[in-house]
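Engineer: give me a 3D structure for the following:
(2 chains)
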Amino acid sequence: MEPASRAGIGLRHNHSLTIKEFPYIIHWRDDRCKRCGSCTAVCPVQAIVPSVRVQRVVSSEGAAPSPIAKRRVVHVVEQVADMERYCTGCSVCALVCPNEAIMPEFNPQNKFLHYKNKGGDGYKRGGRRNDPSISTLDRIKFTRISMLTDPALDAGRHEFRVRTYLGRILPPEQLPLKVENGNTLMVDKSETFIPPVREIYPIMIGSMSVGALSPPMWEGLAMGVAYLNEVEKMPVVMCSGEGGMPPRLLRSRFLKYFVIQIASGYFGWDEIIHALPEMVEDPAAIEIKYGQGAKPGDGGLLMAQKVLKLIAGIRGVPMYVDLASPPTHQTKYSIEEAVAKMIQSMSMAWGFRVPVYPKISGTKTARAVLNNLARNPYAAALSIDGEDGGTGAAYNVSMDKMGHPIASNLRECYLDLVRQGKQNELPLIAAGGVGKKGNLAANAAALIMLGASAVSIGKYIMQAAADCLGDEYNRCNLCNTGKCPRGITTQDPKLYRRLDSAKIAERVVEVFKSADVELKKIFAPMGRSTELPIGMSDGLSIDDKAMADRLEISYAC
Amino acid sequence: MCRLAAVTSSEYVSPMEPVLALETMKEGHDGSGLGLTLKDLGGEFEKLKQYPILSGICSSKGMEVLEAYMKKVGFKLKHQWSPKVKPRRGIEAREFYFARAYEYPASYKHKSLAEKEDLLLETRLALRRMGEADQSIFVFSFYPDVITLKEVGDPLETAEFFGLDKDSLKAKVILAQGRQNTNYAIYLYACHPFFIQGYCTMTNGENTAFVPIREFLMSRGFPGYIGYNSDSEVFTHILHYTIRQLKFPLHYYKDVITPLKDTEIEQRRDREALRLIKQSLRPLCIDGPNMVIGFIPDGTCFMVQDSKKLRPGVVGGHKGKYGLMSEECGLDSLIPKRDRSKDIFPMKYDMVIVTPEAKEVKVWNQLQGQA
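Structural biologist: All right, here's what the predicted structure looks like:
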């Protein structure tokens, strides 16, 4: 029998979606709305539209009530039932509304993922894993409190040294030292290669590229980092992400605060190589990206609409073309030879004065990578990015379902190094979900005490410094579209001029200064101040026995 | 908090002297035990200086196992000393307390000291493993010219229980500690002083960085870095690792456990070495509160503090006899006739070093890198 819709006899709504399938439902108040049009103009996805409706309107004029009912055409704001224009819940409509007349509300009954595959392509987005539950990091508590048997430190008055090392550290047995005059140790430089080591702040800003981020966003982060170093004397470093760096910055003295990333697309490296002879400072380090926690096994993607003149210039590509980095480095066949060669090549480019380390996504195979690096004397660190890390663009399935949580991955790698006696030689950098619920210092301290030498943040700093609207209820997450309503992940000047880079820099400084205070508030009662308590696992507990066993920490309830 | 009393002297002194010094500090400890390490022995051991002495406690069953094992390895018993135990209320006597001097196995007679030391360590660890589960054997040290005694009980009563007040046992360097480790279970292996291959320390305080330090030491591949029934044992092993294994001069022990700030390092002549040491030995940094007293194989004694929380400690005396104490009343008991104005209270940058035979005391300053 012919379907009714095709026969033109009604039921034409049967293949349309109800608003209940959508992740966010717009609550619009007719009585408050003054029809200014701000909300519909600002909506980044046109999920709401101005519309007209025939409606029975009751009105009364004059001194005595004399209600008259009329059918009239009225102006309304409507949510569209189109999956291509679904409301992302970003709430910019509410932000601009002068009368509090509109607000999206999360709909837990939504069937969004059932339908978000029009044209046979899976749902792509930015952000991080949509899992609002409490992460392992947030379940960890600091339970070894100095009480009577040893005095706690005073976070406000005692001196603290919240610093860590980035770079390969020689084992004590291999230090090229000789005793002079029977009582003084001097370095015998002719004996051993001493790898470059940087002293840095243990919270790093992770790799977010020029291109993925808008110019004012990247500039704001960079300005904040420079201020922290130069004024606050906090040696915070920031990674460039794949896509090069602004040419003037490459040739400036501020380069030393940046870790330059090389990834499988090698974007930006033509400019970097050409700038090499003119560099007045070495970069803090070189990060070789092999994987990303948010989308393990996936390459990077900068969509054509974000490849404007500035980006094309820095990356050395034509404008308005999709820039896809392959999932792997195409020249790398095995870690033994290719990765070792790449680390050595990058080291050689800077005369072995710059630490070079790989970054991988959290994976069960992390220990295999680690063990190869442990045997490679030029590998300066290993950065592991867990499943809760963020990204500018990826398939939803990669973000939600692929990857390994950072806590146990980091812990098993650290304990593996302990078994080999190399826990201080190869620093581990942990990332992926640090500060997911806002507890930046606590998450960082937990990872450090599980064995990380440093942690890396991305999504958190976008939220804290530039008010990124994204969250784990799939709010906004439009980073891939170039339509970021805050102007953070867009190359559209109309959008990014909403951002003030000076304000971002100010927030970056505030975030790091407050994290520093909170780290001291954690370390002081545990009696630690002189060195970072890396691997001080006796200080940690968790309220789940299985997790406690897996992490080899105590269970407390 | 532990109370510590150490003496270093050009003459042989009775272990009762530091024990009586501990008695004056009685208000500060809970009287739960006594640990004694004697070095450079007099009395009946004066003529046996080249023979390694095994110190410990065992049951009769443990003694059989011990004797059989020593025979199997090739050690020949040369001399045995046992305390004349006098029962004391509150002290549960065990079957055998002993200090036995052995001749090296024939195959080791002409080997180097380092090889001999490794054999002695291996033997001690093997005996420990054999007797630890059923507590039939406790061995505290196995080294030439060194005796260690440990028991649970009030320090003075324990010393009398061992009959030390009547015994001829004497030494030139004695470390005495007046408490079992009450932060953990009371257990003989948790009692200071700790000894390994000629290096010995006892500590006053608590070690908040214990776990990373323990993990670092245990992963050095050195068989003697085990035990850790007390968090203070790591201080002995850090000393051994720094001086014997890495061959650093003694004062670098201070630079390892309490590294200077970078700006302070710049003032030192050996700044380049210090920077590398600070990086490579980062896990051995302590965060206190700790005061450590110790000796090294040549008989040099030292006292050192953590860099921040500072437990009490004082060094005083005169040429030929110095005391290293956790409290001044102990020093008054040990060396009442001394110039008190010359007593040294080491602060965070100081390492007090008393040369062998108590000839000279000097304060090495970490900031200046010199005494």
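Engineer: show me what the one helix or strand residue B:294 maps to is packed against.
Structural biologist: Per DSSP states H and E: residue B:294 is located in strand B:290-295. Counting contacts by 3 or more CB pairs under 8 Å, 6 or more residues apart in numbering or on different chains; DSSP states H and E, strand B:290-295 is packed against strand B:4-13, strand B:171-177, strand B:199-205, helix B:233-240, strand B:301-305. For glycine as for every other residue, the C-beta is placed from the backbone atoms N, C-alpha and C.
Engineer: helix or strand right after the fourth one?
Structural biologist: Just to be clear, that refers to helix B:233-240. Trace forward from helix B:233-240 with DSSP H and E and the next one is helix B:252-257.
Engineer: moving C-terminal of that following helix, what's the next helix or strand?
Structural biologist: Counting by DSSP H and E, what follows helix B:252-257 is helix B:262-265.
Engineer: now the element after that next one, going C-ward?
Structural biologist: helix B:271-280.
Engineer: save the helices and strands packed on strand B:290-295 as a markdown table, and put in distance to chain A and mean pLDDT too.
Structural biologist: Converted to a markdown table, the helices and strands packed on strand B:290-295 look like this (distance: least, CB to the nearest CB, whole Å; pLDDT from 0 to 100):
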| stretch | distance to chain A | mean pLDDT |
| --- | --- | --- |
| strand B:4-13 | 16 | 97 |
| strand B:171-177 | 17 | 97 |
| strand B:199-205 | 7 | 93 |
| helix B:233-240 | 11 | 97 |
| strand B:301-305 | 13 | 96 |
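Engineer: now tabulate the ones you listed in JSON lines and tack on distance to residue B:47 and mean neighbour count.
Structural biologist: Converted to JSON lines, these look like this (distance: least, CB to CB, whole Å; neighbours: other CB atoms under 10 Å in any protein chain shown):
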{"stretch": "strand B:4-13", "distance to residue B:47": "13", "mean neighbour count": "24"}
{"stretch": "strand B:171-177", "distance to residue B:47": "14", "mean neighbour count": "27"}
{"stretch": "strand B:199-205", "distance to residue B:47": "23", "mean neighbour count": "28"}
{"stretch": "helix B:233-240", "distance to residue B:47": "28", "mean neighbour count": "27"}
{"stretch": "strand B:301-305", "distance to residue B:47": "24", "mean neighbour count": "27"}
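Engineer: hey, C-alpha coordinates of the strand or helix carrying residue A:310 in CSV?
Structural biologist: Element membership of residue A:310 [criterion: DSSP H and E] is helix A:309-315. What follows is helix A:309-315, C-alpha atoms only, in CSV (Å, rounded to 0.1, in the frame of the first residue of the first chain):
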residue,chain,number,x,y,z
LYS,A,309,44.9,34.3,5.2
LEU,A,310,46.8,34.4,8.5
ILE,A,311,46.3,30.7,9.1
ALA,A,312,47.3,29.8,5.5
GLY,A,313,50.4,32.0,5.8
ILE,A,314,51.6,30.4,9.1
ARG,A,315,50.8,26.9,7.9
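Engineer: how distant is that helix from the center of its chain?
Structural biologist: 23 Å (CA atoms, centre = their mean, to the nearest Å).
Engineer: hey, what's whatever residue of the stretch 151-300 of chain A ends up closest to chain B bridged with?
Structural biologist: At 3.9 Å from chain B, residue A:185 is the closest residue in the stretch 151-300 of chain A, using CB to the nearest CB. Note on residue A:185: beta-bridge partners by DSSP bridges are residue A:179.
Engineer: picking that back up, which residues sit against the helix holding residue A:310?
Structural biologist: A:210-211, A:215, A:243-247, A:267-268, A:271, A:302, A:307, A:318-319, A:323, A:491 (CB atoms under 8 Å, 6 or more residues apart in numbering or on different chains).
Engineer: and the helices and strands packed on strand B:290-295 as TSV, adding distance to residue A:176?
Structural biologist: Below are the helices and strands packed on strand B:290-295 laid out as TSV (distance: least, CB to CB, whole Å):
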stretch	distance to residue A:176
strand B:4-13	35
strand B:171-177	35
strand B:199-205	25
helix B:233-240	21
strand B:301-305	26
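Engineer: quick one: closest of the ones you listed to residue B:41.
Structural biologist: Between residue B:41 and these, the tightest spacing by CB to CB is seen for strand B:171-177, at 5.0 Å.
Engineer: just the CA trace of that closest one, in PDB.
Structural biologist: What follows is strand B:171-177, C-alpha atoms only, in PDB (Å, rounded to 0.1, in the frame of the first residue of the first chain):
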ATOM      1  CA  ALA B 171      83.400   1.500  72.000                       C
ATOM      2  CA  LYS B 172      84.600   4.800  70.700                       C
ATOM      3  CA  VAL B 173      81.500   5.600  68.700                       C
ATOM      4  CA  ILE B 174      78.000   4.800  70.100                       C
ATOM      5  CA  LEU B 175      74.600   5.700  68.800                       C
ATOM      6  CA  ALA B 176      71.700   5.100  71.200                       C
ATOM      7  CA  GLN B 177      68.100   5.600  70.500                       C
END
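Engineer: quick one: strands adjacent to the following helix or strand past it?
Structural biologist: Once the chain leaves strand B:171-177, the next helix or strand it forms, by DSSP H and E, is strand B:194-196. Strand pairing for strand B:194-196, using DSSP bridges, gives strand B:199-205 (antiparallel).
Engineer: the inter-axis angle of the strand it pairs with versus strand B:290-295?
Structural biologist: Put simply, strand B:199-205 runs at 160 degrees to strand B:290-295, going by axes from the mean of the first three to the mean of the last three CA atoms, to 10 degrees.
Engineer: tell me how far the strand or helix carrying residue A:416 lies from the chain's centre.
Structural biologist: Residue A:416 belongs to helix A:406-420 when assigned by DSSP H and E. Helix A:406-420 sits 22 Å away from the centroid of its parent chain (CA atoms, centre = their mean).
Engineer: then stretch A:480-492?
Structural biologist: With CA atoms, centre = their mean, you get 16 Å for stretch A:480-492.
Engineer: now do the helices in the stretch 101-250 of chain A.
Structural biologist: Listed in chain order, the helices of the stretch 101-250 of chain A (DSSP state H, counting those that start in this stretch) span A:112-115, A:136-139, A:215-230, A:247-250.
Engineer: just the buried residues of the helix holding residue A:310, please?
Structural biologist: By 16 or more other CB atoms under 10 Å in any protein chain shown, the buried positions in helix A:309-315 come out as A:311, A:312, A:314, A:315.
Engineer: and for stretch A:268-277?
Structural biologist: Of all the residues in stretch A:268-277, those buried under the rule 16+ other CB under 10 Å are A:268, A:269, A:271, A:272, A:275.
Engineer: tabulate these (JSON lines), appending distance to residue A:149 and secondary structure.
Structural biologist: As requested, the buried residues of stretch A:268-277 are exported to JSON lines (distance: CB to CB, whole Å; DSSP: H, G, I helix; E, B strand; the rest coil):
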{"residue": "A:268", "distance to residue A:149": "54", "secondary structure": "coil"}
{"residue": "A:269", "distance to residue A:149": "55", "secondary structure": "helix"}
{"residue": "A:271", "distance to residue A:149": "58", "secondary structure": "helix"}
{"residue": "A:272", "distance to residue A:149": "54", "secondary structure": "helix"}
{"residue": "A:275", "distance to residue A:149": "56", "secondary structure": "helix"}
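Engineer: of these, which ones also sit close to chain B?
Structural biologist: With CB under 8 Å from any CB of the partner chain as the criterion, the buried residues of stretch A:268-277 include none near chain B.
Engineer: pipe these into a markdown table and attach pLDDT per row.
Structural biologist: Listed next are these as a markdown table, based on pLDDT from 0 to 100:
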| residue | pLDDT |
| --- | --- |
| A:268 | 93 |
| A:269 | 94 |
| A:271 | 92 |
| A:272 | 95 |
| A:275 | 96 |
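Engineer: for those, give me TSV that also has distance to residue A:167.
Structural biologist: TSV is the format used below for the buried residues of stretch A:268-277 (distance: CB to CB, whole Å):
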residue	distance to residue A:167
A:268	23
A:269	22
A:271	25
A:272	20
A:275	22
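Engineer: in contact with residue A:466, which residues?
Structural biologist: Applying CB under 8 Å, 6+ apart, the residues near residue A:466 are A:217, A:220, A:486, A:488, A:499, A:504, A:507.
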